[in-house]
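Student: Fold the following and give me the result.
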Amino acid sequence: MGLRAPLLILLMSFTLSVAFPVFTSVKADSYIPFPPYHVEPINKILYPRLAAPKFTRPGGSFMIFLAGSFEVSSVSIFDDVRGLSFSLDIANVAPLTDSREGAVVTEMTSIYVNVPGDAAEGLYDIIVSTASGTLREPNALVVVKEFPDTYVIGHISDTHLGGWGGKYIEAYANFDKAIYSLEALGVDIIVCSGDFIEQNKEAGIKHIYDILSKLAVPFTTALGNTDYTFNTKGIYLIEKYFAPDSSLVDMGNAIIINIDAETGDIAEDVVYNWIRDTLSFYSDVNLKILNSHYPNWDPNVVSSRFIDFFKSMNDQFGISLFLNGHIHRNTKKVSDTTGILTITTTSTEISSEFLGFRLIYGSSDGSVSAPDDAIYNLENMYVKYAQDNFFAASGQSVVVHNDLDYAINLTLYFKVLDTGQDLLLNGSPVTTGVFAFSDDGSKYKTLVLDVSVPPGSHSVYVVSQGVDDEAPTAKVVIDTFKQYYYFKISASDEGTGVAKIDVYYSIDNSTWKECKYVVIDSWPYPTAPRELEGFYYKIILTDYSGNRNTIYGLYGSPSKPSGGGGGEQPPGGVASTTMIFAVGAVTVLVVVLVYLFRRRK
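Tutor: Predicted coordinates:
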């Protein structure tokens, strides 16, 4: 769609040069596509971002903003679905100062780039080579041949990712099902309306980052109250890993503005000003979408200033849609407070209705459609990958569950490490839709598979390279809850993924009983009765290629032991020992040492 007048004025102050960029110092008086940052992002790219992507066309132009002063030598883009790479023409590089109130990142570098006319459609990482190293922001640029007349938006909310325990295992599992279902349905973008994360552990956030970095469709999110909790402690996790707390998605002939309003109001006046400037800058765009957490129609959770501001923005610029979350259920109505069509979507983590997501259709003329038959229940339809789908193993399996009364057409993406062997789909060679490439010194393969899944079906698609003869492995921890011992099993597989886990216990190491599954903190765990002083256990892991591994162990002191060590031996092998013995031994040692230490005192 091109750059608009205010930015063109800013650019006119630059001297354009391809071979030798001229550095011209300007202040951020003109429009900048993000509000002031509170923390420097991990990749030092301020815009576009993983959760604030930019849409463009072949031959189009856009600006990249970096945190700090850099000597830029080249800019390229990389698509990890097909391994495509394109060099971008650098028209200008210039230092920039963000003098806006509250800005922590004040020194910036702007790069004005042109996309080559032969760039293929796809979702690309942005790679900036500088004198001090390479900067790379994943899934930050979307290239389309033409901006669509209608955008298909996949809406989710209240994913509550993070933390520990069964509740959070369920949250991750449902989030995976939702985003991979939307990816397979081919939406133009996934939009989350807040309560995205619920922890401040870097390892958990990094895992979410890895998942979203390898999605085949772009993603964006607003902050919810659980996200904002960490901001009050000075831990700006969303800004660090994903996007500014309030952010812009420029889709060419449509925009999405994500709004941080988690006190029921926007905490900073500078953000109010930025939103007003953004709506003014994109005033010629008809499809304007706002996204925040609290329902804007409820004066009990949003401030009067918030309501008055967005009512004024709607009157002045015309807002097509306000996406909200927080209430964990599906609603659709014109807000009594702002006059804006508002949609909320059920949670993927907990809901009084059902867990799921919905599709929304936004047209470039500003009209919006959200039919009830485009609301999906995760019990009725989902796509589930057996393991992490970011080139983490040599194989992958996908389960597609379709309990709807009609067939669904999906595109599945299998992202695996390249072992140099032929790719097999359900045991047969496959060549169509296969892409092999290298990136950062590693070799990868992707299979893009279009499938039509009939109604009332549960289909499994297994991808391997050559014959998968690697059995799954697992780490086991046993804990207690009320009248139960319960097994926390972390299983993994180098091949096609874990398909089934069977768990048994025995008090005599001979007669085995299948463990009863009990829901503990929202997640079903295999259990053994707490009245036992101890027991032997047997865990049988089976992957999607049929490989099996049996893990044996002993917990506590069974009342009727017969034999010792690791219990019954698996056929043709030695019983696997687990960390349970080690954990028990360390616990006893610690107790003894503490006792002796206190005696000495």
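
Student: Any regions of the chain where pLDDT drops low?
Tutor: 1-29, 163-165, 199-200, 560-601 (pLDDT under 70).

Student: okay, now the domains of it?
Tutor: 5-143, 150-377, 381-465, 473-588 (automatic domain parsing).

Student: how about the strands in the stretch 251-400 of the chain?
Tutor: Here the stretch 251-400 of the chain has its strands, by DSSP state E, counting those that start in this stretch, at 254-258, 287-291, 321-324, 331-334, 341-344, 356-363, 368-369, 375-377, 381-385, 396-402.

Student: all helices of this protein, in order?
Tutor: Ranges of helices in the chain, per DSSP state H, are 5-12, 166-185, 202-213, 225-231, 237-241, 269-281, 304-317, 579-600.

Student: hmm, back to that, got the strands of the stretch 251-400 of the chain as JSON lines, with mean neighbour count and distance to residue 542 columns?
Tutor: Using the backbone N, CA and C atoms, a C-beta is placed for each residue, glycine as well. Formatted as JSON lines, the strands of the stretch 251-400 of the chain follow (neighbours: other Cβ atoms under 10 Å; distance: least, Cβ to Cβ, whole Å):
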{"stretch": "strand 254-258", "mean neighbour count": "25", "distance to residue 542": "43"}
{"stretch": "strand 287-291", "mean neighbour count": "25", "distance to residue 542": "42"}
{"stretch": "strand 321-324", "mean neighbour count": "25", "distance to residue 542": "41"}
{"stretch": "strand 331-334", "mean neighbour count": "13", "distance to residue 542": "43"}
{"stretch": "strand 341-344", "mean neighbour count": "23", "distance to residue 542": "41"}
{"stretch": "strand 356-363", "mean neighbour count": "22", "distance to residue 542": "29"}
{"stretch": "strand 368-369", "mean neighbour count": "14", "distance to residue 542": "44"}
{"stretch": "strand 375-377", "mean neighbour count": "20", "distance to residue 542": "28"}
{"stretch": "strand 381-385", "mean neighbour count": "21", "distance to residue 542": "16"}
{"stretch": "strand 396-402", "mean neighbour count": "22", "distance to residue 542": "12"}
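
Student: So for residue 221, which of those sits nearest?
Tutor: In terms of Cβ to Cβ, the element of the strands of the stretch 251-400 of the chain nearest to residue 221 is strand 254-258, at 6.6 Å.

Student: Just checking: what are the partner strands of the closest one?
Tutor: Taking DSSP bridges as the criterion, strand 254-258 forms sheet pairs with strand 247-250 (antiparallel), strand 287-291 (parallel).

Student: Could you verify my assumption that residue 252 touches residue 62?
Tutor: No - under the criterion of Cβ atoms under 8 Å, residue 252 makes no contact with residue 62, lying 10.3 Å away.

Student: so what sits against both of the two?
Tutor: residue 56 (Cβ atoms under 8 Å, 6 or more residues apart in numbering).

Student: residues contacting the residue nearest the centre of the chain?
Tutor: Centroid-nearest residue in the chain, with Cα atoms, centre = their mean: residue 212, separated by 3.6 Å. Listed by Cβ under 8 Å, 6+ apart, the contact set of residue 212 reads 50-51, 138-139, 179, 219, 242.

Student: Please, a PyMOL command that selects the buried ones among those?
Tutor: Of those, the buried ones can be selected in PyMOL as follows, counting by 16 or more other Cβ atoms under 10 Å:
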select buried, resi 50+51+138+139+179+219+242
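
Student: for the contacts of residue 212, which one is nearest residue 410?
Tutor: Closest approach between the contacts of residue 212 and residue 410, by Cβ to Cβ: residue 179, at 13.5 Å.

Student: Contact partners for residue 291?
Tutor: Residue 291 makes contact with 191, 193, 220-222, 256-259, 322-324 under the criterion Cβ under 8 Å, 6+ apart.

Student: can I get those residues in JSON lines with distance to residue 34?
Tutor: Below are these laid out as JSON lines (distance: Cβ to Cβ, whole Å):
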{"residue": "191", "distance to residue 34": "17"}
{"residue": "193", "distance to residue 34": "19"}
{"residue": "220", "distance to residue 34": "13"}
{"residue": "221", "distance to residue 34": "14"}
{"residue": "222", "distance to residue 34": "14"}
{"residue": "256", "distance to residue 34": "13"}
{"residue": "257", "distance to residue 34": "11"}
{"residue": "258", "distance to residue 34": "10"}
{"residue": "259", "distance to residue 34": "13"}
{"residue": "322", "distance to residue 34": "20"}
{"residue": "323", "distance to residue 34": "19"}
{"residue": "324", "distance to residue 34": "22"}
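
Student: Now residue 84: closest residue in space that isn't a chain neighbour?
Tutor: Take residue 84 and drop its neighbours on the chain: the residue closest to it by Cβ to Cβ, 6 or more residues apart in numbering is residue 120, 5.6 Å away.
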